[in-house]
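[1] below: sequence and its predicted model.
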Amino acid sequence: MGITMLRWQIAWFALVFTLPIAPTTAIAQTASLPADAQAALKKGLAAANEQQWEMAIQNFQDARKIAPDAPEIYYDLGLAESKIPGRELRAVAWFGAYLAATPNAPNTAAVRDLISELQTKSQGNVDRLIKATEVADSLLPDTPIKHNGGILGNLTNKPDQDRMQSLYDVANLWASAGNSANAVKAAHRIGQAGYNETNSLSQIVAAQASAGHIADAIETASSFDDVNESKTAKLAIAAAQAKAGDLEGARATLLAAQQRAGKEKSAYMLNALGVDIARAQASIGDISGARKTAEMMPSPVAKTWAYLAMAEAQIKAGDFAAAQATLAIAQKAADMWNSLTAEQKKARCNCQLSEPQDQSTLAFLELRIGQMLADTGDLSGARLALRIAQKYTKLISSPQSKSSQAAQTAEAQANVGDVAGAQESARLISDSMWKSNAARAIVAAQAKAGDVAGAQRTADLTGDPNVTSMAKYIIADAQAKRASSSSDSTPPPKASAAAPTLPAVSVSDWIRELDTLNTPLFTDLSGSVKAPQQTYKMIYPGSSIDPSETDTKRTFKALVAIAQNTISAKTTIDQMWKRQLAQAAKP
């Protein structure tokens, strides 16, 4: 056994096997079960009384095969699995299923206490995993720092990159596990090693927020003020707040990001930051905030991107009139950009512009405006915007870029019934694949309009047997739909928009989660840690070994993967249980 293997194994097992095991609680049995299920339960009870937990679990599983919906079997499985170190997450899931099936069970309080104890033990498992990873990390060789400018500088050798990544991995593990103090300590190590500590802190915020540790994320974000990293951190926090239902908190977080970005003097940075912030604001329904962010951006192109995000959110909310008004503003912003001189454009974006890139961007923006107008039902406006997109597409110099853009424009034009416009756009395509894609869209539009001869002619002109073959099915399908619609003119009833609600956690949810936990990593945690590289192959089957990696590096990478998967599973289980508790508290 190598020194590396020995050191982290000692660190792990010294902690694992000193854990106290709670005394056995009586396991439930119900006479209403089928006789075979009762017999299996009886065997399981006998095994449990002898603390033969694996045998007890097998018998309880046999009983569940006979009576899969019996809550008392979930309870017995939870108790038995809770006795095996490393299976705490599975035990919580069984108890969760039991209480989901019997929310008014007389032992509810006791089961909840058990779940709380198991969560504490599970957190202890995670902490020990990360500490084992830190031990492995400490055995990786330190290499000279030969890059300039921190993480954004030139990394000149692979060991240097590996070392940087290992430090980030440890910091992010602590953050995902909810241990902010250790995460920040790891970030300080990154700074002391000569890397970008602020970037690491920003990543820690993202990991904390993603794992639901929002208060920790906010505290960590307050420790640095780099404008770009601060924006990234606040976006992560706002996304987590919105996911948790705290829209007011998310709006406040994004407002703080907007105010911080507004102090930026660089036009380039102000545009880049503003677009990201406006998109985030629009995604949580804060259209007013997104408009204010758009107004502070000097570049009309950046404004257009922001307004498109707002319109997309309004369309999703079903407010088509507001979306059309927003798209009109986006159209004006795009037109303004096209009217500026090269010097004016440079001043507005503080960037180097090339004319072909400029036209390609405008073509895509007009395409999106047209597609969104179509989504709102404004087909006339959509056709006009797509004709403008076509105009800019003609000015693109790269044949491949022009083909791609023209094909997308042609398809969009065909979808809004502008067959002539789609045919004109299709003539701009030089690439055969894009040409076929455009032809299929035009064929579908012509067939839908009843122009079967035109659809067949379009297909034939491509000279592509795949297109001509597919055209037959497209035309037949369109004819069938037209015949059906003419015989039944009654429009289908509109479904009423239901308010989004978080679904209740059900027994089947817990069972599905238990299926995902039915791997050696969650049924034999200590064995998985004893052989980390084998466990890595189990987690990522088919993964190849990098011949340049040392055994120490492979061990470290495997331990990171074990910790990441354990933390992810724990986060899922914890969040499910939190939701179930909240649902149980409702009158």
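    All right, it came through fine. Residues are numbered from 1 along each chain as shown.
[2] could you list the low-pLDDT ranges of the stretch 51-200 of the chain?
    Applying pLDDT under 70 to the stretch 51-200 of the chain picks out residues 142-163.
[3] do the chain as well
    1-31, 142-163, 350-357, 482-502.
[4] tell me how it divides into domains.
    Using automatic domain parsing, the domain parsing of the chain gives 3-143+510-585, 350-486.
[5] now those as JSON lines including distance to Asp169 and mean neighbour count?
    C-betas here are computed from N, CA, C, even on glycine. Listed next are these as JSON lines, based on distance: least, Cβ to Cβ, whole Å; neighbours: other Cβ atoms under 10 Å:
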{"stretch": "domain 3-143+510-585", "distance to Asp169": "5", "mean neighbour count": "18"}
{"stretch": "domain 350-486", "distance to Asp169": "34", "mean neighbour count": "19"}
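[6] can you redo these as a markdown table with distance to Ser223?
    Below are those laid out as a markdown table (distance: least, Cβ to Cβ, whole Å):
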| stretch | distance to Ser223 |
| --- | --- |
| domain 3-143+510-585 | 21 |
| domain 350-486 | 29 |
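[7] nearest to Met336, out of those domains?
    domain 350-486 (11.2 Å; Cβ to Cβ).
[8] pretty sure Thr458 contacts Arg440?
    No - contact criterion Cβ atoms under 8 Å: Thr458 and Arg440 do not qualify, at 9.1 Å.
[9] who touches both of the two?
    Shared contacts of Thr458 and Arg440, defined by Cβ atoms under 8 Å, 6 or more residues apart in numbering, comprise Ala471.
[10] picking up where we left off before, between the domains of the chain, which one is closest to Ala221.
    Within those, the stretch nearest Ala221 is domain 3-143+510-585; the backing value is 19.7 Å (Cβ to Cβ).
[11] how far does that closest one sit from the chain's center?
    On the basis of Cα atoms, centre = their mean, to the nearest Å, domain 3-143+510-585 sits 25 Å off its chain's mean C-alpha point.
[12] try stretch 212-230
    The chain centroid and the centroid of stretch 212-230 are separated by 20 Å under Cα atoms, centre = their mean.
[13] can you get me the start-to-end distance on that stretch?
    The first and final residues of stretch 212-230 sit 19 Å from each other (Cα to Cα, to the nearest Å).
[14] list of residues touching it?
    175, 178, 180, 183-184, 198-199, 201-202, 204-206, 208-209, 233-234, 236-237, 240-241, 244, 246, 249, 253, 257, 260-261, 263-264, 269, 273, 571, 574-575.
[15] what subset of these is buried?
    Taking 16 or more other Cβ atoms under 10 Å as the criterion, what is buried in these is 175, 178, 180, 183-184, 198-199, 201-202, 204-206, 208-209, 233-234, 236-237, 240-241, 244, 246, 249, 253, 257, 260-261, 264, 273, 571, 574.
[16] gap between Leu362 and Ala91?
    Leu362 sits 59 Å away from Ala91, taking Cβ to Cβ, to the nearest Å as the criterion.
[17] next SSE downstream of the helix or strand where Tyr268 lies?
    Using DSSP states H and E, Tyr268 maps to helix 267-283. Using DSSP H and E, the helix or strand that directly follows helix 267-283 along the chain is helix 287-295.
[18] quick one: buried residues of the following helix or strand past that next one?
    Per DSSP H and E, the first helix or strand lying C-terminal to helix 287-295 is helix 300-316. Buried residues in helix 300-316, counted by 16+ other Cβ under 10 Å: 300-315.
[19] quick one: residues contacting the residue nearest the centre of the chain.
    Per Cα atoms, centre = their mean, the C-alpha nearest to the average position across the chain is that of Ser210, at 9.3 Å. Contacts for Ser210 were tallied using Cβ under 8 Å, 6+ apart; they are Ser176, Ala236, Ala240.
[20] so the first one touches Val205, yeah?
    Which is Ser176. No - here Ser176 lies out of contact with Val205, judged by Cβ under 8 Å, at a distance of 11.4 Å.
[21] the helices in the stretch 1-150 of the chain, which residues?
    3-16, 35-49, 53-66, 71-82, 88-101, 108-138 (DSSP state H, counting those that start in this stretch).
[22] now for the residue nearest to Arg90 when sequence neighbours are not counted: which residues touch it?
    Leaving aside its chain neighbours, Arg90 sits nearest to Glu81 (4.8 Å; criterion: Cβ to Cβ, 6 or more residues apart in numbering). If you count contacts by Cβ under 8 Å, 6+ apart, Glu81 has them with Trp53, Ile57, Arg87, Arg90, Ala91, Trp94.
[23] how about a cut-off of 6 Å?
    Neighbour list for Glu81: Arg87, Arg90, Ala91 [criterion: Cβ atoms under 6 Å, 6 or more residues apart in numbering].
[24] give me the distance from stretch 266-282 to the chain's centre.
    21 Å.
[25] now it: buried residues?
    For stretch 266-282, a neighbour-count test (16+ other Cβ under 10 Å) marks 267, 270-282 as buried.
[26] quick check: the farthest pair among these?
    Once Cβ to Cβ is applied, these give Ala267 and Ala282 as the farthest pair, at 21.9 Å.
[27] go ahead and confirm Thr552 touches Leu139.
    Yes - at 5.3 Å, Thr552 counts as touching Leu139 under the criterion of Cβ atoms under 6 Å.
[28] picking up where we left off before, got a markdown table for the contacts of Ser210, with distance to Gln119 and secondary structure too?
    Formatted as a markdown table, the contacts of Ser210 follow (distance: Cβ to Cβ, whole Å; DSSP: H, G, I helix; E, B strand; the rest coil):
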| residue | distance to Gln119 | secondary structure |
| --- | --- | --- |
| Ser176 | 16 | helix |
| Ala236 | 25 | helix |
| Ala240 | 20 | helix |
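[29] in CSV: the residues you listed, plus distance to Glu343.
    Conversion of the contacts of Ser210 to CSV gives the following (distance: Cβ to Cβ, whole Å):
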residue, distance to Glu343
Ser176, 48
Ala236, 37
Ala240, 43
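[30] please identify the helix or strand for Ala569.
    helix 551-585.
[31] same for that helix, what does it pack against?
    helix 88-101, helix 108-138, helix 158-176, helix 532-539 (3 or more Cβ pairs under 6 Å, 6 or more residues apart in numbering; DSSP states H and E).
[32] now the angle between helix 532-539 and it, please.
    Orientation of helix 551-585 against helix 532-539 (axes from the mean of the first three to the mean of the last three Cα atoms, to 10 degrees) gives an angle of 50 degrees.
[33] quick one, helix 551-585 and helix 108-138 angle?
    160 degrees.
[34] tilt between helix 551-585 and helix 88-101?
    Using the same axes, to 10 degrees, helix 551-585 lies at 20 degrees relative to helix 88-101.
[35] was I right to think Thr535 contacts Ser528?
    Yes - contact criterion Cβ under 6 Å: Thr535 and Ser528 qualify, at 4.3 Å.
[36] in the stretch 351-500 of the chain, which spans are helices?
    Going by DSSP H, counting those that start in this stretch, the stretch 351-500 of the chain shows helices at 355-376, 379-394, 399-415, 419-426, 432-448, 452-462, 465-487.
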